[in-house]
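Novice: generate coordinates for the sequence data below:
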Amino acid sequence: MARLRLAPHSAVPRRIDGAWWPRSRNLLVELPLLIGALPRDWGQINGVTVNAEMWSASPGRILVANHVVRLRREPVSRDRHTVCLLSPARGRWDLLVVSPEVDAADAEYLMAAVAADVH
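Specialist: All right, here's what the predicted structure looks like:
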């Protein structure tokens, strides 16, 4: 089960739509769990952009729930702690990624703060 906290739905666009706390730095294991935990109204995710420095090596595509998800690994450290999820029919969502090494109390605090943030 993915450790995920999403901000409440709002008509006002957000810079960060929630927080995700993966258990490892292995995208092949973590992304299917994340995508499976997303709300249905986010649509089918077909693209994911992550920071290459934060994650272990992975192929450019993976199969999740019988559809192909393209992985784009950015070498830029600017967005090191975010993941960008793309759905062609629904749009884009950005999640704060809490490092797997963060202890539970700090991770829960960060995730709750991001989900409660009002823009």
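Novice: list the buried ones in stretch 5-14?
Specialist: 5-7, 14 (16 or more other CB atoms under 10 Å). Quick note: C-beta positions are derived from backbone N, CA and C, even for glycine.
Novice: and the helices in the protein?
Specialist: 27-37, 104-116 (DSSP state H).
Novice: show me how far the longest one is from its chain's centre.
Specialist: To tie it back to what came earlier, the one meant is helix 104-116. Relative to its parent chain, helix 104-116 has a centroid offset of 15 Å by CA atoms, centre = their mean, to the nearest Å.
Novice: next, the buried residues of that helix.
Specialist: Buried-residue list, helix 104-116, by 16+ other CB under 10 Å: 107-108, 110-111, 114-115.
Novice: of those, closest to residue 42?
Specialist: residue 115 (15.1 Å; CB to CB).
Novice: residues in contact with residue 27?
Specialist: 48, 50, 55-56, 58, 62, 71 (CB atoms under 8 Å, 6 or more residues apart in numbering).
Novice: give me the residues contacting stretch 85-94.
Specialist: Stretch 85-94 has contacts (CB under 8 Å, 6+ apart) with 14-18, 35, 38, 41-49, 82-84, 95.
Novice: which among the contacts of residue 27 count as buried?
Specialist: 48, 50, 55, 58, 62, 71.
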